[in-house]
Every structure is written in structure tokens, then in C-alpha cells.
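Participant: Provided below are the primary sequence and the corresponding predicted coordinates.
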Amino acid sequence: MFRDGARKSLWQSEVKKYEGFLARGHRYDVVIVGAGITGISTAYRLQNQGLKCVILEASNIGFGTTGGTTAHLNDFFDTTFEETINKFGLENARLLAEAGKEAMQIFTSNVMKNTIDCDFEHKDAVLFATSEEQVEELEKIFEGAQKVGYQMAYTDSIEYPMGFQKALLIPRQAQFHPLKYIKALAEAFTNAGGTIIDNCIYESHDESDQEVLIHTSQGTVRGGHAVFATHTPPGVNLLHFTTAPYRSYAIAFTLNSEDYPNTLGYDLCNPYHYYRTHIIQGKKMIIAGGEDHKTGHSEDEGACFARLENHCRNYFDINQIQYAWSSQYFEPADGLPSIGVLPSSQGRLFVATGFRGNGMTFGTLSSTILTDLILQRPNRFAKLFDPKRFKPTAGFKSFLKENATVLKDMIGDKINMERINSLLDIEPGKAKVVRYGGQAYAVYSESNGQRHVLKSTCPHAKCEVRWNNAELSWDCPCHGSRFNVNGKMLNGPSTQGLERLE
């Protein structure tokens, strides 16, 4: 399968592209935009509730974050229970713990019911502190878990070779192969009468009190409701100011020994690292991730891979790095995802975003919340994750910080843009955003001298893109839209590519 970057993930080596098809002239009960774990899980659940559904995918299933995840399935989250208690109260923190349990049950049920061979395994997890400061953080995590009745316990040993001062053992977490899972679920969805249309790019929509019209590169699709399962919704929306795009890096490597850990591992560094073991095509590998940063805010993405590799070499006896890739996720200002009716919608448009590093869990949970909302049934988690819930008290500092950064990027990049006299000034193997002849251009010069010249202004909110030297893409530092060297859109919220100049 293809994905949204130049570097392939280890999952792509085992799964071929799933071919969708276009069925013209139909009206659907629900139109789902995006074919990652959120879109496919939701479409599958809705279809099996008797609704007629279609999935619209700009490329192929698993093209975005699902194809680049490290596929940890947790019922504890990046936003800790202690943080949730402080921001939303004890009862909501307990509800968050129950939401994680329900997501695990839904995932397990999908696997069992459809006999999905996706390397699904329950694994214990360890969360460990390597400094006094991290020990204090770990103890707060434990205290919060105790308050909400979530099971975790201190342990004297871990399978990872890092020196640690204190560690928590968290039972019954899980791991799986994300592309095997969503491909099988997509097949179950189409076998139940659902439709998948790939290479179908969302362009715009119209919403009335009767239906939703989704205008795409392949024509207009009519539906009673629509779900944006695209991480961040297309167009300009309130959620673009309450969530921020981040990139995370992953490598997969073999060892010189058979000393592979059997648990999921997480440290408390900032940014933190995470680890697990998986067998791909008969080869056992450790998958390690980390070095997260805001999209478009690293001067050298290649150095992020180098730092992650060096970190792992400090602790593991590495034989060979087999894969290296990066992926995108969205950080909510108040720490919780937004799953429900899209802000500004009349009630027929739905969204699921802001999953932090827990996309596989919240993507699965979204399927039950969105299904209940569309069918106008009560859902006990809907209020907690309501996209319209944002209040200054819970995430105002993060909200101000992220949006001040957006404003600084939007203005600063335009003012400080380098001016050149000729596009030939861009050396082979280099990429720059420059001002030439009164216009702003994103120029990538291949090592053979061939130049790719694009208009550099992101169509979404008119920020200037920045070069990602690891994935060979142009990334918008404001809201996370990404484009390849030819201007093709890789990630929204932009609904258009960058204009290419021949």
C-alpha cells in the first residue's frame, strides 16, 4: 500500500493495495471521508446497523497515520488520569478509563467476529522512570489510576535494558498489524454491502437540513450524514485552533541476540520513547518510536531519525535497521479527543480528531460514539469527547501557545523569506522556500539538477510550507497540511495541492 511519505513503514511490506470502486448515482445514509482505522471501523459498524455507507479515500486505505502507526493498543492514554481529574473532574476521569476498556472490547470483538489474522496479541506494558523528576511523574500517574480504579502496579523488573529508578506494570494491553486489520475490516464492510471509493479527493461540501452533498474529484456523493475521519476536518474550522499537528518517528531493527522484549515499553522522557516487538515476514524486530515535534518545526527531520537510532543503539545490541518512517497525529489543547458533531455543522457532519498518540484506541472507540450519534441513540462517552466542549479552563494555556506559534509562523515566514535572482540558485539536493520575481516558491532540486517548482503558500490558511528532508515533502507548520515534491496533497486539512509550475 502507498502512504503519505517517501519512507515506507514495515507494515507496507506485507500488505498489497486494496482496490475500491466507484458506484455512481447512489444516495447513501452515511458518507465517510477517510479510510484509516477510524473511517473503516465506523463504516463497518454503521453498515452492520443497517445503514447504507460509502467510504471516500483520497489515495488508498491506510494511506495516512494508520499506515504509519506503531500499532500499540492501550486503554491508558497519553493524557493521564491524574491530568484528566485536574481538568475535568473525577467522574469524567473514570469515564475516560471506561472508554479505553470499551475500545479494547470493540477491537477484540471485530477480530473474533471476522476471524481477522492481524497478529493481534494481548501484552503487558511497562512504564518506567529513569530520573528523579520522572519518578515524581510516574507516582502521579499511579495515584491517578488508583483514584479511577484502573489496574496498574509497581514492578521491580522490566525486560528493557535501560537503567530505571521506578516502573509500573500495566496488564492486558495489546499490539497488532494495522494494515492487515483494516484491510480485513474493509473486506467485511464491503461484504456487508458497503462501498469504498479510492483515489477520490474531497473538495467541498454542502449541508442542508435534509442531506449532505460531498463534492469530490470523482463527482458529487449524496448522503444523509457525513463523517470526516481524516484526523483534522478539511476547510477552516474551530478544531484547527484547538488541535495541533505533530510528527513522530519510528524505526524497526533486528538484534544480534534473541533478547527481544515481550512487553510493550514506554519511558517518560520528553519527548517520550515507546517500544515493542513484532515479526514481519518471519523476521523478529523491535519497533521503537519517539523524537516527536510539531509538524514543520524541525530544521532537520533526518536528524530526528539519527537521534532515535542513537538512542536505541545506546541500549540495544542492534544488528541492522530494517525500516525507518514517520507519521502524523494531532494534539488537543485540553488533552482529550474531539469525537462528535463538527462545530459549525447543522448536525449532519461528524468528526473524530485529536487522538494524541492513542489513535488506534480512539479510532476504534469513535466507531461506537459516531454510530450512536447518527442513529440518535444515547452514548455515555459523547459528552466527554464533544468537539464543542472546549473551555478556557481546561486547555487555555496550550491553546494560546499553539495559536501564537501559528501566527508567528504565518507572518515570520513571509517576512524572512530568502530572495533569489534565479531558480538555478537552488543547489542540487537542496530545497528552499524563496521569493523570486515578486512570488513565493517552494523549490526542490534533485541531485541530478532537475527542479520541482511549486507555489509555496498552503491553500488552507495561506501559511508558507517548509521542507521535510526525511519524507521529501512540503509541510505546513500552521495546521499540518503536507504535499509531495510535485504538489500533490498528502495530508489535509487543505483540500487542494500546491500549484506546480512547469
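Facilitator: Done, it's in. Residues are numbered from 1 along each chain as shown.
Participant: From I196, how far off is Q47?
Facilitator: 11 Å (Cβ to Cβ, to the nearest Å). C-beta coordinates here come from the backbone N, C-alpha and C atoms, glycine included.
Participant: if I look at those two, which residues touch both of them?
Facilitator: F189 (Cβ atoms under 8 Å, 6 or more residues apart in numbering).
Participant: what is the rounded mean pLDDT of stretch 267-285?
Facilitator: Averaged across stretch 267-285, pLDDT comes to 95.
Participant: Format the CA atom coordinates belonging to it as PDB.
Facilitator: Only the C-alpha atoms of stretch 267-285 are listed here, as PDB (Å, rounded to 0.1, in the frame of the first residue of the first chain):
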ATOM      1  CA  ASP A 267       9.700   5.800  29.100                       C
ATOM      2  CA  LEU A 268       8.800   9.200  30.500                       C
ATOM      3  CA  CYS A 269      11.300  11.300  28.600                       C
ATOM      4  CA  ASN A 270      10.200  14.500  26.800                       C
ATOM      5  CA  PRO A 271       9.500  13.600  24.100                       C
ATOM      6  CA  TYR A 272       8.900  10.000  25.300                       C
ATOM      7  CA  HIS A 273      10.000   6.800  23.600                       C
ATOM      8  CA  TYR A 274       8.000   3.700  23.000                       C
ATOM      9  CA  TYR A 275       8.900   0.100  22.100                       C
ATOM     10  CA  ARG A 276       7.600  -3.300  21.200                       C
ATOM     11  CA  THR A 277       8.500  -6.500  19.200                       C
ATOM     12  CA  HIS A 278       6.800  -7.700  16.000                       C
ATOM     13  CA  ILE A 279       7.500 -10.500  13.500                       C
ATOM     14  CA  ILE A 280       7.400  -9.300   9.900                       C
ATOM     15  CA  GLN A 281       7.800 -11.900   7.100                       C
ATOM     16  CA  GLY A 282       9.400 -14.300   9.600                       C
ATOM     17  CA  LYS A 283      11.800 -11.800  10.900                       C
ATOM     18  CA  LYS A 284      11.600 -10.700  14.500                       C
ATOM     19  CA  MET A 285      12.200  -6.900  15.100                       C
END
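Participant: what comes up buried for that stretch?
Facilitator: For stretch 267-285, burial by neighbour count (16 or more other Cβ atoms under 10 Å) applies to 267-268, 271-278, 280, 285.
Participant: which stretches of the chain aren't confidently modelled?
Facilitator: 14-25, 391-404, 406-416, 421-423 (pLDDT under 70).
Participant: The longest strand along it - contacts with which helices or strands?
Facilitator: Using DSSP state E to define each element, the chain has its longest strand at strand 318-332. Counting contacts by 3 or more Cβ pairs under 8 Å, 6 or more residues apart in numbering; DSSP states H and E, strand 318-332 packs against strand 243-255, strand 283-294, helix 301-313, helix 392-415.
Participant: Tell me the buried residues in that strand?
Facilitator: 318, 321-332.
Participant: out of the residues you listed, who's nearest H452?
Facilitator: S326 (20.6 Å; Cβ to Cβ).
Participant: hmm, back to that, the buried residues of stretch 267-285: which two are farthest apart?
Facilitator: Between all members of those, the farthest pair (by Cβ to Cβ) comes out as L268 and I280, at 28.2 Å.
Participant: that's a helix at K113, yeah?
Facilitator: Yes. According to DSSP: H, G, I helix; E, B strand; the rest coil, K113 belongs to a helix.
Participant: As CSV, the buried residues of stretch 267-285 with secondary structure and distance to T42 would be great.
Facilitator: Output for the buried residues of stretch 267-285, formatted as CSV (DSSP: H, G, I helix; E, B strand; the rest coil; distance: Cβ to Cβ, whole Å):
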residue, secondary structure, distance to T42
D267, strand, 33
L268, coil, 33
P271, coil, 30
Y272, coil, 29
H273, coil, 31
Y274, strand, 26
Y275, strand, 30
R276, strand, 26
T277, strand, 30
H278, strand, 26
I280, strand, 28
M285, strand, 31
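Participant: Would you reformat the residues you listed as a markdown table and include distance to W474?
Facilitator: Converted to a markdown table, the buried residues of stretch 267-285 look like this (distance: Cβ to Cβ, whole Å):
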| residue | distance to W474 |
| --- | --- |
| D267 | 32 |
| L268 | 34 |
| P271 | 23 |
| Y272 | 28 |
| H273 | 28 |
| Y274 | 28 |
| Y275 | 31 |
| R276 | 32 |
| T277 | 35 |
| H278 | 31 |
| I280 | 30 |
| M285 | 31 |
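Participant: which among those gets closest to T66?
Facilitator: H278 (15.5 Å).
Participant: Could you list which residues are in contact with the closest one?
Facilitator: H278 makes contact with 10, 71, 119, 175, 177, 252, 284-285, 287, according to Cβ under 8 Å, 6+ apart.
Participant: In CSV, list the C-alpha atoms belonging to the helix or strand hosting G39.
Facilitator: Applying DSSP states H and E as the criterion places G39 in helix 37-47. C-alpha atoms of helix 37-47 as CSV (Å, rounded to 0.1, in the frame of the first residue of the first chain):
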residue,chain,number,x,y,z
ILE,A,37,-8.8,2.8,11.2
THR,A,38,-11.4,5.5,12.3
GLY,A,39,-13.2,5.6,8.9
ILE,A,40,-13.2,1.9,8.3
SER,A,41,-14.2,1.0,11.9
THR,A,42,-17.1,3.5,11.8
ALA,A,43,-18.3,2.5,8.3
TYR,A,44,-18.2,-1.2,9.3
ARG,A,45,-20.3,-0.6,12.4
LEU,A,46,-22.8,1.6,10.7
GLN,A,47,-23.2,-0.8,7.8
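Participant: The residue most central in space within the chain and F355, how far apart?
Facilitator: Closest residue to the average C-alpha location of the chain: Y329 at 3.4 Å, with Cα atoms, centre = their mean. For Y329, the distance to F355 equals 6 Å [Cβ to Cβ].
Participant: so what sits against both of those two?
Facilitator: With Cβ under 8 Å, 6+ apart as the test, Y329 and F355 both reach H231.
Participant: quick one, what contacts the nearest residue to T254 once chain neighbours are set aside?
Facilitator: Distance criterion Cβ to Cβ, 6 or more residues apart in numbering; nearest residue to T254, sequence neighbours excluded, is N319 at 4.4 Å. Contact analysis of N319 by Cβ under 8 Å, 6+ apart lists 253-256.
Participant: Tabulate the residues you listed in JSON lines, adding columns for distance to T230 and neighbour count.
Facilitator: Formatted as JSON lines, the contacts of N319 follow (distance: Cβ to Cβ, whole Å; neighbours: other Cβ atoms under 10 Å):
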{"residue": "F253", "distance to T230": "31", "neighbour count": "19"}
{"residue": "T254", "distance to T230": "35", "neighbour count": "16"}
{"residue": "L255", "distance to T230": "37", "neighbour count": "16"}
{"residue": "N256", "distance to T230": "42", "neighbour count": "10"}
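Participant: who's K432 bridged to?
Facilitator: Legend: beta-bridge partners of K432 under DSSP bridges are V443.
Participant: I am finished for the moment; much appreciated.
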